[in-house]
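>>> Can you look at this prediction? I've put the sequence above it.
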Amino acid sequence: MTQLDDLREQVRTRYAAAARAVTAGTPSGCCADRCGCDPSDLEPILFGSGLYGTDECQALPADVVAASLGCGNPVAVADLHDGETVLDLGSGAGLDVLLSARRVGPTGKVYGLDMTDEMITLAEANAARAGAANVTFLKGAIEAIPLPDRTVDAVISNCVINLSVDKPAVFAETFRVLKPGGRLGVSDVVAEDHLSLADRAARGDYAGCIAGAVSVKEYREGLSAAGFVAIEIVLTHQVADGMHSAIVRALKP
């Protein structure tokens, strides 16, 4: 097993365990019961369902909220519309898929892509409980998206691209499956430009969404190299010293 294979397996193992914990009734997400909470009443919310509003979490299955491990709320910034087709990279238990399904309505379609069997099983059960008929979950890697060219109007993701061991492939595949004029709207962890790879690794592990994060400059350059334009990276909150959750937007010409 190569070092990259080992990192990928660390990520798969961690999130498979998170799915099993939720299924067993012992969620391991750091903010599993804080959806819509008032941040002034608690420690700062860095990851999890506490980054979503109460109105968004209402009527969703408890398991989908409990399994939320993201660093933002990409659906809130993706500007989704009725009838659109959306792809969620690293869809986990399906929270952002189900929220997107509400936005695009019955004439729209939402795909959730995850490499973890346990998460897909959990997500499909959550979609069935929510009565979401316009969603489909796919098994696969975000570096090799199992969809045809020019399939989707928008790609979203919540703190997953930083976990990839081949980010140029993720950017290229995202560009490929977007329709002309399609858009990327994700939440992700990024590093300040002055931090070296060693600096990032010292602040957290790879599977914990820290060591694998690229810098703001590297993120912008990667998206540009893939063909994206109108790239916007907005830092939202600090998750470690010099490391931030960020909203990332870009367009396919």
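Structure received. Numbering: from 1, shown residues only.

>>> From here on, just use CA atoms for contacts and neighbour counts.
Will do.

>>> just checking, next helix/strand downstream of the lowest-mean-pLDDT helix or strand in the chain?
Among the helical and strand segments of the chain, the one scoring lowest on mean pLDDT, DSSP states H and E is helix 62-66, with a mean of 52. Going down the chain from helix 62-66, the next helix or strand is strand 85-89, by DSSP states H and E.

>>> What is that following strand packed up against?
With contacts defined as 3 or more C-alpha pairs under 8 Å, 6 or more residues apart in numbering; DSSP states H and E, the packing partners of strand 85-89 are helix 95-104, strand 109-114, strand 152-158.

>>> let's go with 10 Å and repeat that
helix 95-104, strand 109-114, strand 135-139, strand 152-158, helix 167-177, strand 178-191 (3 or more C-alpha pairs under 10 Å, 6 or more residues apart in numbering; DSSP states H and E).

>>> Tell me which strands that strand pairs with, and in which orientation.
Applying DSSP bridges to the sheet, strand 85-89 is found paired with strand 109-114 (parallel), strand 152-158 (parallel).

>>> any chance of those in CSV, plus mean pLDDT and mean neighbour count?
CSV is the format used below for the strands paired with strand 85-89 (pLDDT from 0 to 100; neighbours: other C-alpha atoms under 10 Å):
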stretch, mean pLDDT, mean neighbour count
strand 109-114, 96, 26
strand 152-158, 95, 26
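
>>> okay, the ones you listed in a markdown table with distance to Ser224 next?
Formatted as a markdown table, these follow (distance: least, C-alpha to C-alpha, whole Å):
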| stretch | distance to Ser224 |
| --- | --- |
| strand 109-114 | 23 |
| strand 152-158 | 16 |
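
>>> What residues does the residue nearest to Glu84 when sequence neighbours are not counted make contact with?
Closest residue to Glu84 apart from its sequence neighbours, by C-alpha to C-alpha, 6 or more residues apart in numbering: Gly108 at 4.8 Å. By C-alpha atoms under 10 Å, 6 or more residues apart in numbering, Gly108 lies in contact with Leu80, His81, Asp82, Gly83, Glu84, Thr85, Val86, Ser100, Ala101, Arg102, Asn134, Val135.

>>> Kindly recompute the last result at 7 Å.
Asp82, Gly83, Glu84, Thr85, Asn134 (C-alpha atoms under 7 Å, 6 or more residues apart in numbering).
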